[in-house]
Structures are given as C-alpha cells and as structure tokens.
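Trainee: requesting a structural model of the entry that follows:
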Amino acid sequence: MLIWEPLVPNWEPSVPTNGLPGRNSGGEAAGPEKKTTIMSTTLQTSRVMREARLRLHLTQFTLSRRVGCSESRITKIETGRATAPQWLKEAIARELDIHTWEVGV
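Mentor: Model prediction:
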C-alpha cells in the first residue's frame, strides 16, 4: 500500500509578510485577495438624470428632441455606456433642471 505525502513538507499558502498587499517576501503573488465593491459615481449620476426625466414625465425620445440628439444617445448616457459632450450636458441639465455634473459620466 502506497502512502501519499506532499512534495513540500509543512506547506502552507503564502501570506504577505512585507506589508505589501498581494505579494509575499519573495516578490511572488500571494493567494486571492478580498475585493470590495463601491457603487460608482456613474451609476449615481445616471440615476439622477433618469429620475429627473421621469419626474417631468418626459420620454427619452421627447428629451432627445428637445436637446438635439438621438434617443439612443440619451439611453447610452443614462446607462453609462457613453459620455456626453459639454454642450449636450448643458442642454440636458437645462431641460431637466439639474446640475451639469449630474448628467451621465
């Protein structure tokens, strides 16, 4: 009967010992680290824009016609998939009565 033994006796996962996250003293990458997730500013500002539009009972199509862009562009700005140029941010902010920094990205 064969008995299995580890290749390295008393092996334990590497733990950072030099104070640097993700590296041990030999400069090698350490095990997986826990990551924290923070809600991005993009999502918060996009939500403000959407809520302001809905508060005024405007559709994306109506808002797009008032500010001079396509409906799909409004959708992309609200979902954070596109950034608006400054002139469009100002036009949207004026129509929705919000600050320009609250318009999309």
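Trainee: residues making contact with the host helix or strand of residue 90?
Mentor: Taking DSSP states H and E as the definition, residue 90 sits inside helix 86-96. When contacts are defined by Cβ atoms under 8 Å, 6 or more residues apart in numbering, helix 86-96 is touched by residues 49, 52-53, 56, 58, 63, 66-69, 73-74, 77, 84, 98-100, 102-104. Every C-beta, even on glycine, is put in place using the N, C-alpha and C of the backbone.
Trainee: list only buried entries from the residues you listed.
Mentor: Among those, the ones that count as buried by 16 or more other Cβ atoms under 10 Å are 49, 52-53, 58, 63, 67, 69, 73-74, 77, 84, 98, 102-104.
Trainee: narrow those to those in strands?
Mentor: Using DSSP state E to define strands, no part of the buried ones among the contacts of helix 86-96 is located there.
Trainee: where does confidence bottom out across those?
Mentor: In terms of pLDDT, the lowest of the buried ones among the contacts of helix 86-96 is residue 104, showing 74.
Trainee: if you drop the residues flanking it in sequence, what lies closest to residue 103?
Mentor: In space, and not counting its chain neighbours, residue 103 is closest to residue 89: 4.4 Å by Cβ to Cβ, 6 or more residues apart in numbering.
Trainee: now residue 102
Mentor: residue 48 (4.4 Å).
Trainee: can you read off the pLDDT for the one you found?
Mentor: 91.
Trainee: so it sits right up against residue 98, yeah?
Mentor: Yes: counting by Cβ atoms under 8 Å, residue 98 is a contact partner of residue 48 at 6.3 Å.
Trainee: start and end of stretch 66-77, how far apart?
Mentor: For stretch 66-77, the first-to-last residue distance is 15 Å (Cα to Cα, to the nearest Å).
Trainee: ok so, going back, count the residues that sit near the residue nearest to residue 103.
Mentor: 21 (other Cβ atoms under 10 Å).
Trainee: check residue 101 too.
Mentor: Neighbour count for residue 101, taken as other Cβ under 10 Å: 11.
Trainee: from residue 48, how far out is it?
Mentor: From residue 101 over to residue 48 the distance is 9 Å, taken as Cβ to Cβ, to the nearest Å.
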